[in-house]
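1. Give me coordinates for this.
(chains A and B)
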Amino acid sequence: MSTNARDHRAKTSGLRCDVKSTSSGSWDLRLYVAGATPRAIAALENLKKICEEHLAGKYSIEVIDLLKNPKLASGDQILALPTLVRKLPEPVRKIIGDLSDTERVLVGLDLRPR
Amino acid sequence: MAKQGKKELVLTPLEKCPTGIRGLDEVTFGGLPRGRPTLICGGAGSGKTLLAMEFIIRGIRDYSEPGVFMAFEETAEELTKNVASLGFDLDDLIRRKKLAIDYVRIERSEIEETGEYDLEGLFVRLNSMIEEVGAKRVAIDTIEALFAGLPNEAILRAELRRLFRWLKDKHVTSVITGEQGERTLTRHGLEEYVSDCVIFLDHRVANQVATRRLRVVKYRGSVHGTNEYPTLIDEHGLSIFPISSLGLDYAVGSERISTGIGRLDAMLGGKGYYRGSSVLITGSAGTGKTSIATAFANGVCRRGERCLYLAFEEAPSQIVRNMASIGFDLDSWVRQGLLRFEAVRSTLYGLEQHLVGLHKAVSDFRPAGVIVDPITNLTAISGDQGEVKAMLTRMIDFLKNHGITAVFTSLTEGGNAAEQSEVGVSSLMDTWLLARNIEAAGERNRLLSVLKSRGMAHSNQVREFLLTDQGIQLADVYVGPGTVLTGSARLLQEAQDEVQAAGERQKLARHRRELEQEQTLAQAQLDALRLKTAALAEEIKTLASDEQARLVAAAREQADLARVRGANGTKATLEKGNKTHVNKRKRP
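-> Reported below is the predicted structural model:
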């Protein structure tokens, strides 16, 4: 886990939200979850690990808890949870699931050729 | 909790949620199961989305139940535009927080799947909308889009099962649409999850006429109509027409209304048709069916009631013109809003649509009388007589239920037996008038008779039916020994009768005059004799007085003579002179 990632706890969910890298925001990632379910926690852990390994210093993660902000779901057309949305760089990519399959996540983020 | 639910089920019948969609609530005996999901399935263009949308909108408008619409195929803007033509303003409902629409787009190519997930996002979105407007109704159209968008069918199926259970727990009445499958009701077997109520919409083409139909496939815990019901989408939205609500339990009044022809009223027990009865006028071409029907329309309008005229054969303007020639000013009734024409070529629509058109016109216009002219043209749509009869049965049934007096005209083919109506509906009719043409002595004349008229003492007489500038007149036909005369023959016979009668009158007058003369003569004679009697009486009287005078004179003469003979002579001379004088007077 990155030391320069600024972690704090969401009030109710117990999730560590809004992980931001210090340098550029060239990788803008959003993780949609609904409450601190084991699957959501696993997804965030997996995501952080992948980002640190492959995008160290150039990513930001925003965790959106739909239980608190249900209105945000329709903006990114979220159905499945957890969903990771790559807002930047474009095009928008969506990866659903707990992100346990690192290879698939890397493909989904265009970090690996398909 | 479960126990309580069970108890409720036993005690109270299933609570229904009225859709407000014309006819659907009748077919389902009250609406969809309240608090449960209902599956609407059907092919492309069968009206699934419209049904779902109307369920929501009518719920808001008519039953004050806010609703949520989740669309997978059309955006909120598209939906708004689509239903605006039906007079629904979605934007307004959304502004007033009565309606929430969410467009769910799912793009397979954008999605990478890694590991476990669920569809909680869908639930969150639905829940957020339900809470936002306090929804009682939810429509999801078409959730099967998820099967194309999400790779893992196992997860999807588990989540759908959860969704429908969740909707039940939310106590919202929901409608879920699904695309028709090849051998299943829905392509992805949604019926497996939504099993409380399943409605199937069909859109088929027969005889180049497209017909929509609706069928309630199942309805757990409730009776429901099992037939296919004709369905129509028009500018008012979806309408379903219960075919077999043919209950024979309509209220029957004894009020009578005029046929518009005085003598025809007289033929029908003196009062005309029963209000709310159905009247059939059959006849071959040119027998005056339309005129009789129009007379009725005229009568209805004259009483200040409204009349609907379904013209399948002639344009309204043509009917108005033609009927003006026999003294009916239909145009003024049209202008006063008492008469409405609905003219359409019968082959333009399917039978159902005609029925639907009638339903609509009747509920908009609320007429007291309806004329269908002619019903025979409906057979042109469907060669199947049974189908036409079924449709007419529904039409009559519908009109009777509304207490509307209906006049149907039916054209009989020249070769057919006169007393046979083309579509075999005469048994459904309360009153049956037969118009006939008879050809004799080089002319055709119209005859009208009452074949049957339930519940009244109707005339058994045939009348001659005359179309004049002043309207329709019914004349008595001339019934001679073994023959019935009409037209000129009748007029001739009547003229002959008249001549004969005049001769008789003259003869009588002459005889009277003769007798009077004779009487005068006798009187004159009587007067003459009376005069003669009087004269004779006078003479007799004179005669008697002369006699008296003569006797007196004779007596004096006797005395004078005696004196002369007895006394002096001078005296005697004097006496003589006297005597002469008397004699002179005596014999004039």
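
2. mind listing what the most centrally placed residue in chain A touches?
-> Centroid-nearest residue in chain A, with C-alpha atoms, centre = their mean: residue A:31, separated by 3.5 Å. For residue A:31, the contacting residues are A:43, A:44, A:47, A:61, A:62, A:63, A:64, A:82, A:83, A:84, A:85, by C-beta atoms under 8 Å, 6 or more residues apart in numbering or on different chains. Any C-beta I mention is one placed from the backbone N, CA and C, and that applies to glycine too.

3. Within reach of chain B, which of these are there?
-> A:43, A:82, A:83 (C-beta under 8 Å from any C-beta of the partner chain).

4. Just the closest of those residues to residue B:548, please.
-> Nearest to residue B:548 among those: residue A:83, at 170.3 Å, using C-beta to C-beta.

5. and the residue in the stretch 151-300 of chain B positioned nearest to chain A, how many neighbours?
-> Closest approach between the stretch 151-300 of chain B and chain A, counting by C-beta to the nearest C-beta: residue B:155, at 8.2 Å. Here the number of neighbours of residue B:155 (other C-beta atoms under 10 Å in any protein chain shown) works out to 18.

6. that older thread, cross the contacts of residue A:31 against helices and list the overlap.
-> Among the contacts of residue A:31, the members found in helices (DSSP state H) are A:43, A:44, A:47.

7. Around chain B, pick out the residues from chain A.
-> Counting by C-beta under 8 Å from any C-beta, chain A sits next to chain B at A:32, A:34, A:39, A:43, A:66-67, A:70-71, A:73-74, A:77-83, A:91-101, A:104-105, A:107-108.

8. at 7 Å what do you get?
-> When proximity is defined by C-beta under 7 Å from any C-beta of the partner chain, chain A lies next to chain B at A:32, A:34, A:39, A:66, A:70-71, A:73-74, A:77-83, A:92-101, A:104-105, A:107-108.

9. Which of those fall in helices?
-> In this view, the residues of chain A next to chain B that belong to helices under DSSP H are A:39, A:73, A:74, A:104, A:105, A:107, A:108.

10. wait, isn't residue B:16 in contact with residue B:26?
-> No. With contact defined as C-beta atoms under 7 Å, residue B:16 and residue B:26 do not form a contacting pair (11.7 Å).

11. quick one: which of these two has more around it?
-> Neighbours were counted for residue B:16 and for residue B:26 using other C-beta under 10 Å; residue B:16 has more, 18 against 15.

12. If I look at the closest residue to the more buried one other than its chain neighbours, what pLDDT would I see?
-> Distance criterion C-beta to C-beta, 6 or more residues apart in numbering or on different chains; nearest residue to residue B:16, sequence neighbours excluded, is residue B:30 at 3.5 Å. Residue B:30 carries a pLDDT value of 88.

13. Please tell me how far residue B:30 sits from residue B:222.
-> In this structure, residue B:30 and residue B:222 are 8 Å apart, going by C-beta to C-beta, to the nearest Å.

14. One more: residue B:457?
-> Relative to residue B:222, and taking C-beta to C-beta, residue B:457 is found at 47 Å.

15. same question, residue B:312
-> Taking C-beta to C-beta, one finds residue B:312 at 39 Å from residue B:222.

16. who's more crowded, the two?
-> More neighbours surround residue B:312 than the other of residue B:312 and residue B:222, with 21 against 18 (other C-beta under 10 Å).

17. got a list of what residue A:98 touches?
-> Applying C-beta atoms under 7 Å, 6 or more residues apart in numbering or on different chains, we find residue A:98 in contact with A:39, A:42, A:43, A:46, A:82, B:115, B:116, B:117.

18. Export the contacts of residue A:31 as TSV, with columns for distance to residue B:470.
-> Below are the contacts of residue A:31 laid out as TSV (distance: C-beta to C-beta, whole Å):
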residue	distance to residue B:470
A:43	92
A:44	95
A:47	95
A:61	95
A:62	90
A:63	91
A:64	86
A:82	88
A:83	84
A:84	89
A:85	85
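
19. Narrow the residues you listed to those that are buried.
-> A:43, A:44, A:47, A:61, A:63, A:64, A:82, A:83, A:84, A:85 (16 or more other C-beta atoms under 10 Å in any protein chain shown).

20. Please look at the last one and residue A:94 and confirm they touch.
-> Yes. With contact defined as C-beta under 7 Å, residue A:85 counts as touching residue A:94 (5.5 Å).

21. domains of chain B?
-> B:10-240, B:256-476, B:491-584 (automatic domain parsing).

22. if we can go back for a sec, what sits up against the helix or strand hosting the residue of the stretch 151-300 of chain B closest to chain A?
-> Applying DSSP states H and E as the criterion places residue B:155 in helix B:153-169. The contact list for helix B:153-169 (C-beta under 7 Å, 6+ apart) reads B:35-37, B:117-119, B:123, B:138, B:146-147, B:150, B:174, B:193-194.

23. Which positions within it qualify as buried?
-> Within helix B:153-169, the residues that count as buried by 16+ other C-beta under 10 Å are B:155, B:156, B:157, B:159, B:160, B:162, B:163, B:164, B:166, B:167, B:168.
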